[in-house]
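J.: coords please:
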Amino acid sequence: MSSNMMNTFQKTQQQQARRIAIQRQMEAMEAAAAGRPREDDASSARSRASGAPGGIESARRFLWEDDDSSAGGPNNKEKPGNDQNSKPVVLDWSDRRGFVDDRRSLYAVAASGQQPATEKKGFFSSITGMFGSPFAQSSGQSDMNRNLAASAEQSAMIGSGYPSKDRNGRSNGMTAIRTGFASCMMTIFEHRARFAAALVILAMSIGVFMVISLMIGSGPNNSGEQQSGVKESPKMTEAALFRYNNIKTSLVDGGISTKQALEKEGSPQNMALDWIANKDPAEMALSNLFLPQRYALAVLYYGTHGDFRFQPGANASFPEEDDDFDKQDFWVSEENWMTGKGYCTWQGVKCRHREGHSKFDTTYDGHNDITVLNLTNTNVRGQFPEEMIALSSLYVLDISMNGFFGTLPKSLTKLKNINHLNIAANFFRGSFPDLSGWTTMTHMYMSENYITGTIPSAISALTDLHSFAVFDNYLNGTIPSSLGTLTKLHNLYLDENDFSGAIPKTFGNLIKLVDLRLRDNLFGGNIPTEIGDMTSLQILYLDTNALTGEIPPELSYLEELEELQLYENDLIGTLPPELADLDVLKILYLDNNLLEGSIPPEFGIMDSLQQLYLQKNLLTGKIPDISNMIELRHFRAFGNKLTGSIPSELGKLFKLGMYLRLLVALMMKQSFFEIPSEDLLLNKNQLNGKVPVEVGDLTRLVKLHIEENDITGTLPESICSLKDFDLQELVSDCSGSKPEILCTCCTKCPK
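T.: Below is the predicted model of the structure:
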């Protein structure tokens, strides 16, 4: 402080020739002491009448014209000349990054409609205006005191290059004291006869300095709060504020974010805006067309970290889902996210290839239209933001196997170019989205969520759809027949919902369909014969419904069919022998129905069949010769009314199959113990006779159930020796004092 005051004092000594204004003030003091009128009052009035600037602007002009050590004022602009026609210079703090609050204080004056005072106020009256009545002077004060104050104010003009308030909005008492003290020192050396008056001013200045220091040190602003008690927002430079507001405006006008979301403190949008405007190392220009996409990714990032990952009550209806989720507050991989690198290097992001580069060059340090966002199985949890609408060129979005919750964002349906959507295995809920905008969609996977409602008929607009999966949701209603118009479909997964009604006959038009799964719903009615027209079908799951009627023989037209599952329905009639024409069929599940009649002997030639489930029906007759079923390893026929003895060919058949599989295992360099196990479940029938010794050749047998039949005799030792291999369950009618079967190795003998 002392150094500054001495510099001011030295400057005033070197510029005495320019202190005419100060001299006039001192002469005015003498005139006042002698009782003469103040000439300055008249000259001031004339100055105002002629339009000369007064008040604040006059002081600023005095500053510019008086200090030739300045090269151009606070903004380093060219100093105005001394031409009388030159306009008054008004301080412009807009380019001074450290004085935003001071600029705001000037705005406040303008907004209030107050004009700058034209009458000059003395130094002490200025202090009074800043700090209130404790420094007010009574009307009985002498003219001498008033003129002393005027002299001090004129000296303050010399140092008025300092703002009247500091950058926190507090009054700059130090500046006032410094300029006042400088005025006193000039008075001492230039007018020695008035030394006493100067001492009075000096003493009062010191007193005022002490009071101001105490007020500044203990004021409410020192705690970072305004007098209203509201916490001040972080300060931004003028340039930063300009950038911030421009980005915010462009995001709102572009429909990327709402103004409310951007201004809500702590929201993902608010944090993303602050990051991209003030903290992003990339410092993208406002004119950069890819700035909205970078912002959208930032919203996604902030919205899936911290408390946003575990919003209270988000999964209140399904609390068990939360227990299994990884609650670590990080993604599995966040490589390059929120760094200064171009988002085309961020984990899971791919962009349009650069001009002159290969079309496969989609990952590079730069920015371009985002075409792929793949965050599958990355431990991402939170709400999927609406801001993804900014990714207008996106054609692949895969966020499957994460923890996204909330309703399906409407922004998804506005991504007109998307053709591959995978949001499976999350916590999304709500009704089915509007499909009208997804005309380019080829793959849509929305399974394993909590989506409700029906499939809209507008799905027919997705004419390029290749795969459609909505299994394991809470969808209901009937299947729209328009789904059958999507002739490019290869995979259709509607299983594990609450669909009802009949299976649409239009499905017969889906001649390219490979995999159709309608299991675990409430479908009723007959199996449409039109399904036989789906000649590309390889997998058909219609089980666990309420289907009635007979199994249509037209299913035998499905020459590519490998799996047919019709179990747990109310199907009646006999087993169609035409099913034996399915040469590549490996799995046939017809159990838990009301089927009757005998097992067709034609089934014996199904040499590709590996699993045959016929249990819990009303089948009768003998087990046919199935010696050609060389791949069969799971045969379940319990819970029927089969008669006759157990065919000895079963042992040879299974043994042959085992040898073939062992040969394959050796060729593939697999362990013998990796060969699939076998089971033979013939319990709860009306079989009789003895157990064939050949069954002991089934060395891969894990389960053998023959209880609740009319089988008698002693269980062969060859079968007991299977326990040295993989046999774990051996159950027969071996209980009681006179058991029907004598067995020393059975694991269970039910009564």
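J.: separation between residue 682 and residue 458?
T.: Residue 682 sits 52 Å away from residue 458 when distances are taken as C-beta to C-beta, to the nearest Å. For the C-beta atoms, the positions are set from N, CA and C on the backbone; glycine is no exception.
J.: actually residue 330, not the one I wrote
T.: Taken as C-beta to C-beta, the span from residue 330 to residue 458 is 39 Å.
J.: could you do residue 530 as well?
T.: Where residue 458 is concerned, residue 530 sits at a distance of 23 Å (C-beta to C-beta).
J.: and residue 266, by the same measure?
T.: With distances defined as C-beta to C-beta, the gap from residue 266 to residue 458 amounts to 38 Å.
J.: mind checking which of these two has more residues around it?
T.: Under the criterion of other C-beta atoms under 10 Å, the comparison of residue 266 against residue 458 puts residue 458 first, with 15 against 10.
J.: show me what contacts the closest residue to the more buried one other than its chain neighbours?
T.: Nearest residue to residue 458 in three dimensions, chain neighbours excluded: residue 435, at 4.9 Å (C-beta to C-beta, 6 or more residues apart in numbering). With contact set as C-beta atoms under 8 Å, 6 or more residues apart in numbering, residue 435 has these partners: 413, 441, 456, 458, 459, 461, 462.
J.: and residue 435, what's its pLDDT?
T.: At residue 435, the model reports a pLDDT of 86.
J.: and the end-to-end length of stretch 436-445?
T.: This stretch, stretch 436-445, spans 17 Å end to end (C-alpha to C-alpha, to the nearest Å).
J.: for stretch 733-744, same thing?
T.: Criterion C-alpha to C-alpha; first-to-last residue distance in stretch 733-744 is 12 Å.
J.: pretty sure residue 432 sits against residue 457.
T.: No - counting by C-beta atoms under 8 Å, residue 432 stays clear of residue 457, with 11.0 Å between them.
J.: which non-adjacent residue is nearest residue 545?
T.: Ranked by C-beta to C-beta, 6+ apart and with sequence neighbours excluded, the top spatial neighbour of residue 545 is residue 523, at 4.2 Å.
J.: can you tell me the SS state at the one you found?
T.: The three-state assignment at residue 523 reads strand, by DSSP: H, G, I helix; E, B strand; the rest coil.
J.: okay, now it: neighbour count?
T.: Counted with other C-beta under 10 Å, residue 523 comes out at 22.
J.: residues contacting it?
T.: Taking C-beta under 8 Å, 6+ apart as the contact definition, residue 523 lies against 499, 500, 501, 502, 503, 542, 545, 546, 547.
J.: could those go into JSON lines alongside secondary structure and pLDDT?
T.: Formatted as JSON lines, the entries for the contacts of residue 523 read as follows, by DSSP: H, G, I helix; E, B strand; the rest coil; pLDDT from 0 to 100:
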{"residue": "499", "secondary structure": "strand", "pLDDT": "98"}
{"residue": "500", "secondary structure": "strand", "pLDDT": "97"}
{"residue": "501", "secondary structure": "strand", "pLDDT": "97"}
{"residue": "502", "secondary structure": "coil", "pLDDT": "97"}
{"residue": "503", "secondary structure": "coil", "pLDDT": "97"}
{"residue": "542", "secondary structure": "coil", "pLDDT": "98"}
{"residue": "545", "secondary structure": "coil", "pLDDT": "98"}
{"residue": "546", "secondary structure": "strand", "pLDDT": "97"}
{"residue": "547", "secondary structure": "strand", "pLDDT": "98"}
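J.: run through who's touching stretch 577-586.
T.: With contact meaning C-beta under 8 Å, 6+ apart, stretch 577-586 is reached by 551, 553, 555-556, 558-564, 588, 600-603, 605-606, 608-611, 631.
J.: how does it look with 6 Å?
T.: Where contact means C-beta atoms under 6 Å, 6 or more residues apart in numbering, the residues beyond stretch 577-586 that reach it are 553, 556, 561, 562, 600, 602, 603, 605, 606, 608, 609, 610.
J.: what of stretch 260-275?
T.: Defining contact as C-beta under 6 Å, 6+ apart, one finds that stretch 260-275 is touched by 248, 257, 295, 298, 299, 302, 303.
J.: quick one, phi/psi of the first one?
T.: Backbone geometry at residue 248, expressed as degrees, to the nearest 10, gives phi -60, psi -40.
J.: which pLDDT value belongs to it?
T.: 95.
J.: in space, what's closest to it - neighbours in sequence excluded?
T.: Leaving aside its sequence neighbours, residue 248 sits nearest to residue 262 (C-beta to C-beta, 6+ apart; 5.4 Å).
J.: next, count neighbours for the one you found.
T.: The number of residues packed near residue 262 is 20, by other C-beta under 10 Å.
J.: that one: which element?
T.: With secondary structure defined by DSSP states H and E, residue 262 is part of helix 259-263.
J.: buried ones in that helix?
T.: Of the residues in helix 259-263, those with enough neighbours to count as buried (16 or more other C-beta atoms under 10 Å) are 261, 262.
J.: turn the buried ones among the contacts of residue 523 into a named ChimeraX selection, would you?
T.: Buried residues among the contacts of residue 523 (16+ other C-beta under 10 Å), as a ChimeraX selection:
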select :499,503,542,545,547
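J.: now the contacts of residue 523 as a markdown table including distance to residue 514?
T.: Output for the contacts of residue 523, formatted as a markdown table (distance: C-beta to C-beta, whole Å):
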| residue | distance to residue 514 |
| --- | --- |
| 499 | 21 |
| 500 | 25 |
| 501 | 24 |
| 502 | 23 |
| 503 | 17 |
| 542 | 16 |
| 545 | 21 |
| 546 | 26 |
| 547 | 22 |
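J.: looking at the contacts of residue 523, spot the one nearest residue 471.
T.: Taking C-beta to C-beta as the measure, residue 471 lies nearest residue 499 of the contacts of residue 523, at 10.6 Å.
J.: wait, doesn't the closest one sit right on residue 519?
T.: No - under the criterion of C-beta atoms under 6 Å, residue 499 is not in contact with residue 519, lying 10.7 Å apart.
J.: OK, contacts around the nearest residue to residue 415 once chain neighbours are set aside?
T.: Taking C-beta to C-beta, 6+ apart, and ignoring the residues beside it in sequence, residue 415 has residue 394 as its nearest neighbour in space, at 5.4 Å. The neighbours of residue 394, taking C-beta under 6 Å, 6+ apart as the test, are 370, 415, 418.
J.: which of the residues you listed has the weakest pLDDT?
T.: Ranked by pLDDT, the contacts of residue 394 bottom out at residue 415, which scores 90.
J.: measure residue 405 to residue 474 for me?
T.: When distances are taken as C-beta to C-beta, residue 405 and residue 474 turn out to be 15 Å apart.
J.: who has more neighbours, these two?
T.: When neighbours are counted by other C-beta under 10 Å, residue 405 comes out ahead of the other of residue 405 and residue 474, with 23 against 13.
J.: sec struct for the more buried one, please.
T.: Per three-state DSSP, the secondary structure class of residue 405 is strand.
J.: show me where the stretch 401-550 of the chain has its strands.
T.: Taking DSSP state E, counting those that start in this stretch as the criterion, the stretch 401-550 of the chain contains strands spanning 403-407, 420-422, 427-431, 443-445, 450-453, 467-469, 474-477, 491-493, 498-501, 515-517, 522-525, 539-541, 546-547.
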